[in-house]
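> Sequence first, then the predicted structure, then my questions.
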Amino acid sequence: MAFPQQQQQFPAYGYCESYFVENSDDYEGVYARAAAERERARGAAKLRQKALAEELSRITADEYQEDVLDHMEHMESETMPDIQSIEIQTEIQWFMRPYLLDFLLEAHHAFQLLPETLHLAVNLLDRYCSRRVVYKRHYQLVGCASLLIAAKYGDRKDRVPTIRELKSMCCSLYDDDMFTQMEWHVLQTLNWVIGHPTVTSFLQLALTEISFDPELEHMSWYITELALYHKEFIPIRPSVLARSSLALARCILNRSQPRFSDWSARYDPQVVLNLSNFLQQPSQALVRKYASQHLSAVSTTIDMFLQRQSMLAQRSVQTPVNDVVMDVEIAAPVNSNYLNPQTPQKPGYPSVAVGVLTPPITPDKDFHTHAAYGINPSVQGTQYTPPHSVEQQHHMHFAAQSTYAQVPQPQLVH
């Protein structure tokens, strides 16, 4: 009968591992303290192991960093697209590129994929267009297949888009089998060589040499994604584009430039100048994406920077040269023609709410878009045809305008 009273008097029995407790003055329990000590020792050992692993990883990274960088620079030269082969495409034109990039950018942002996934997808798209003739009605399909391959290659598995989701984004313009066939054909065309050192990979190497600066990193991302819209930057190697974008981002944010002897500071002044010339008229999809505070609202920072540049340019015209104050000197390498719009916009295209995907022009099942732009589609239907090689397009170039309607379209063999 004394046991309930003892339980009320010493409620600390609940901390013991055993129901039977020795009758002593230590009511906290010997076994409970021993278990807590073991748990603390185990946690301290894990922390020491983690610190040791990070230290060994840092030492190993510093030791092999030059070898890794040499391999990345070698791989980027092996996986560069050929812009001259894209130039001789018979159907797709450069004015279509911003529309497709808007679609890929918004799809990439909707699925919350990694930044390098977008750059790898565009690289796969350009490399495929360098080797195959792409019809206008398949341009968006190639872009979706490239994004799907890039997401499977280097992104998280739970964020890889499904074919059903891509089909819905394309307004059911393509069947499910067409996505699978195009994905297989892109891989076959590129000889299954997917790995490409993207701009973001070189940016990470360059940013490891300085302290963490999220605004500088987001500004660099903005500039590199802006460069995707323009064919002038397709032949530029990602390593050069990354360092040039980082240099321009430092100028915009008024960050100090490192010594030019460092690898991260060896930018190309001409590339920096060309990038600054395209800052004025970016894609609205890109502006909406980088207007969020999650990405440091760098698009708003760009607008403020351009306004200051415009005011300083007007002041320099009105003020004599001898009276110019030195403390307002422009540090960024901006050309006098940077106010000219460079990125093709969408005149006459119906306004779209924020977050709504805007697929590019396709000559099938999109007659209202053709009427807005005066485009007369040469082929009806969405039957998939395997693209031709660049060598075969010379025979197609001299054919009659009705060639695509007369020639039977073979099916792609699985």
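Cool, got the structure.

> Which helix or strand in the chain has the lowest average pLDDT?
Across the helices and strands of the chain, the lowest-confidence element by mean pLDDT, DSSP states H and E is helix 403-406, at a mean of 32.

> burial count for the closest residue in space to Thr198 that isn't next to it in sequence?
Leaving aside its chain neighbours, Thr198 sits nearest to His119 (3.9 Å; criterion: Cβ to Cβ, 6 or more residues apart in numbering). Every C-beta, even on glycine, is put in place using the N, C-alpha and C of the backbone. Number of residues near His119 (other Cβ atoms under 10 Å) recorded here: 25.

> now swap in Leu113 and tell me
Leu113: 22 neighbours (other Cβ under 10 Å).

> Identify the residues contacting it.
151, 155, 159 (Cβ atoms under 8 Å, 6 or more residues apart in numbering).

> Report the buried members of those residues.
Using 16 or more other Cβ atoms under 10 Å as the burial test, the contacts of Leu113 include 151, 155 as buried.

> The chain - how does it break down into domains?
Domain assignment for the chain by automatic domain parsing gives 1-45, 83-196+360-406, 200-328.

> May I see these organised as a markdown table, with distance to Glu54 added?
Below are those laid out as a markdown table (distance: least, Cβ to Cβ, whole Å):
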| stretch | distance to Glu54 |
| --- | --- |
| domain 1-45 | 15 |
| domain 83-196+360-406 | 22 |
| domain 200-328 | 14 |
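
> Of all the ones you listed, which one is nearest Tyr64?
domain 200-328 (12.3 Å; Cβ to Cβ).

> distance between the ends of stretch 189-205?
Taking Cα to Cα, to the nearest Å, stretch 189-205 runs 30 Å from one end to the other.

> So which bits of that stretch are buried?
189-190, 194, 196-203, 205.

> wait, which of the residues you listed is closest to Glu78?
Nearest member of the buried residues of stretch 189-205 to Glu78, counting by Cβ to Cβ, is His196, at 8.7 Å.

> For the closest residue to the closest one other than its chain neighbours, give its distance to Leu273.
The shortest distance from His196 to any residue other than its chain neighbours is 4.2 Å, reached at Thr79 (Cβ to Cβ, 6+ apart). Applying Cβ to Cβ, to the nearest Å, the value for Thr79 to Leu273 is 26 Å.

> How about Met178?
Separation of Met178 from Leu273 (Cβ to Cβ): 42 Å.

> of these two, who's got more company?
Met178 (21 against 16).
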